[in-house]
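>>> this one's sequence-less:
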């Protein structure tokens, strides 16, 4: 189950956007994920929430609830592949204390810019 960022794409990506606006939107998504995490009924099985932030294509970002550990790990990974880089540092985000941040380069050969997936969410 996932929810895409509910804003026009021109607001959060492209030459007309501002870093402050991208950071604001990312922070709101993190807060939504944190609320979902805190509201979870853990007695019903596996449940993890995370933000998948796609940089620089923020309009592709989403808040996701994962019900399968292996599927979640396919997004989160075992480690931060872009360490020591941190999108939360770059955007000055306040990451919930129980969340982890892992970034991965997902740039394709025909991409004009480097593309990164940042999974910021509960540990697997």
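Good, I have the coordinates. Since the structure is predicted, the reported quantities are computational estimates derived from the model, not experimental observations.
>>> Looking at residue 52 now. What's its pLDDT?
As predicted, residue 52 sits at a pLDDT of 95.
>>> Using neighbour counts, pick out the buried residues of the lengthiest strand in the chain.
Identified as the longest strand of the chain according to DSSP state E is strand 48-55. Under the neighbour-count criterion of 16 or more other CB atoms under 10 Å, strand 48-55 has 48, 49, 50, 51, 52, 53, 54, 55 buried. For every residue, glycine as well, the C-beta is placed using N, CA and C.
>>> Leaving out the residues flanking it, which one is nearest to the third one?
Spatially, and ignoring its direct neighbours in sequence, residue 50 is nearest to residue 121 (2.4 Å; CB to CB, 6 or more residues apart in numbering).
>>> So the one you found versus residue 69, what's the distance?
13 Å (CB to CB, to the nearest Å).
>>> who has more neighbours, these two?
The neighbour count for residue 121 versus residue 69, taken as other CB atoms under 10 Å, is higher for residue 121 (29 against 12).
>>> follow-up on the earlier one: how about a markdown table for the buried residues of strand 48-55, with distance to residue 91 added?
Listed next are the buried residues of strand 48-55 as a markdown table, based on distance: CB to CB, whole Å:
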| residue | distance to residue 91 |
| --- | --- |
| 48 | 22 |
| 49 | 19 |
| 50 | 16 |
| 51 | 12 |
| 52 | 15 |
| 53 | 9 |
| 54 | 13 |
| 55 | 9 |
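>>> List just the nearest of those residues to residue 83.
residue 55 (15.1 Å; CB to CB).
>>> Tell me the pLDDT of the closest one.
For residue 55, pLDDT reads 94.
>>> Provide the strand pairings for the longest strand of the chain, with the direction of each partner.
strand 62-66 (antiparallel), strand 116-121 (antiparallel) (DSSP bridges).
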